[in-house]
Each structure stands twice: as C-alpha cells, then as structure tokens.
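>>> just coords:
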C-alpha cells in the first residue's frame with residue numbers, strides 16, 4: 001500500500017497560508033514545533049537503530065540455510 005504525499009502536502013499548504021509569518025510570537029512557536037518534530041524523528045531513528053543492533057547481536061550464532 002503506497003502512501004500518497006498529497007494527503008500531507010495539501011493540508012500543510014492550506015495551513016501555511018493562514019499563519020502570519022511576520023508575527024514574532026508565531027515564528028517562535030513554529031520554530032518550537034519544528035524542533036520538537038525533528039527531535040521526535042531523531043529519537044525514533046535512534047530507537048530503531050539500537051533495536052536492530054541488539055537483534056543483530058543476539059543472532060550471531062544462528063545460521064539460516
């Protein structure tokens with residue numbers, strides 16, 4: 001099942017038009033939201049990497065033929 005990017009892009013573009021980019025308070029909260037989302041993505045990638053390394057370490061002695 002493929003995920004269509006349009007389901008994400010269209011609402012984001014519509015919301016971006018309604019946000020005032022000149023207001024310093026809005027800019028601050030946009031930066032906070034961006035940093036939070038980036039931190040969540042980094043944590044997810046780190047968790048996935050650590051889990052894969054742990055799984056690879058447990059399977060050292062197993063050989064599938």
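Ah, there it is. Note that the coordinates shown come from a computational prediction; the quantities given were computed from them, not determined experimentally.
>>> helix, strand or coil for the residue nearest the centre of the chain?
Nearest to the mean C-alpha position of the chain, counting by C-alpha atoms, centre = their mean, stands residue 41 at 3.6 Å. Three-state call for residue 41 (DSSP: H, G, I helix; E, B strand; the rest coil): helix.
>>> ok, it - contacts?
Not one residue lies near residue 41 by C-beta atoms under 8 Å, 6 or more residues apart in numbering. From N, CA and C alone the C-beta is placed, and that goes for glycine too.
>>> Using the three-state scheme, assign residue 3.
Put simply, residue 3 is coil when judged by three-state DSSP.
>>> any idea how far the one helix or strand residue 17 maps to is from the chain center?
Residue 17 is part of helix 6-18, with elements assigned from DSSP states H and E. Its chain's C-alpha centre and that of helix 6-18 lie 17 Å apart, by C-alpha atoms, centre = their mean, to the nearest Å.
>>> Return the list of helices and strands in contact with it.
Judged by 3 or more C-beta pairs under 8 Å, 6 or more residues apart in numbering; DSSP states H and E, helix 6-18 is in contact with no other helix or strand.
>>> what mean pLDDT does that helix have?
Averaging pLDDT along helix 6-18 yields 86.
>>> before we move on, what about stretch 25-33?
Here the average pLDDT along stretch 25-33 is 93.
>>> Mind listing residues that contact that stretch?
19, 20, 21.
>>> tell me which of those residues is nearest to residue 50?
Using C-beta to C-beta, residue 19 is the member of these that lies nearest residue 50, at 36.0 Å.
>>> The closest residue to the closest one other than its chain neighbours and residue 35: what is the separation?
Leaving aside its chain neighbours, residue 19 sits nearest to residue 26 (6.0 Å; criterion: C-beta to C-beta, 6 or more residues apart in numbering). Here the criterion is C-beta to C-beta, to the nearest Å. By it, residue 26 lies 15 Å from residue 35.
>>> With residue 15 instead?
18 Å.
>>> Please consider this matter closed, and thank you.
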